[in-house]
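Engineer: everything below, folded, please.
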Amino acid sequence: MDNDTKLSRRERQIMDIVYQRGRATVAEVVESMADAPSYSAVRAMMGILEQKGQLRHEQVGARYVYLPTVPVSKAQRSALKRLLTTFFNGSARDAIAALAELPEARLSKDELSTLSKLIEQSKKEGR
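Structural biologist: Have a look, this model is predicted:
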């Protein structure tokens, strides 16, 4: 079980914002949340995320600026695993098929070519 699966819904929401921004203050996180709890609640959650090893902070003037400690590539893999397990019963094929049906997920010829090469490479490696 990785650290990401131990995060609450709110903690994941905070981490999503920090990853999207690259770095964020508590005020910026509150501002970015659609249904934000109080400033002090977000500050406390960010402190918990720091204790869990998900965030670290740098002091800039009187403010703390928080940064993720987990590389984005590792966080992406963890999120994809969670998505596959939760919504697609672990099936990458079903997830890819669902993604291909989304109008906003139109792929260019270059992207399709890259995917084709990745599929061929996976076949060669027996995955």
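
Engineer: drop to CA atoms for contacts and neighbour counts, all remaining ones
Structural biologist: Fine.

Engineer: okay but residue 63 is in contact with residue 27, surely?
Structural biologist: No - assessed by Cα atoms under 8 Å, residue 63 is found out of contact with residue 27, at 9.6 Å.

Engineer: which SS class is residue 58?
Structural biologist: Assigned state for residue 58: strand (three-state reduction, DSSP: H, G, I helix; E, B strand; the rest coil).

Engineer: who's in contact with it?
Structural biologist: 64-67 (Cα atoms under 8 Å, 6 or more residues apart in numbering).

Engineer: just the closest of those residues to residue 117, please.
Structural biologist: For those, the minimum distance to residue 117 (Cα to Cα) is 34.5 Å, reached by residue 67.

Engineer: residue 115: which of the contacts of residue 58 is nearest?
Structural biologist: residue 67 (31.7 Å).

Engineer: the closest one falls within a strand, correct?
Structural biologist: Yes - assignment of residue 67 by three-state DSSP places it within a strand.

Engineer: which of the contacts of residue 58 sits closest to residue 103?
Structural biologist: Out of those, the member with the shortest distance to residue 103 (by Cα to Cα) is residue 67, at 33.3 Å.
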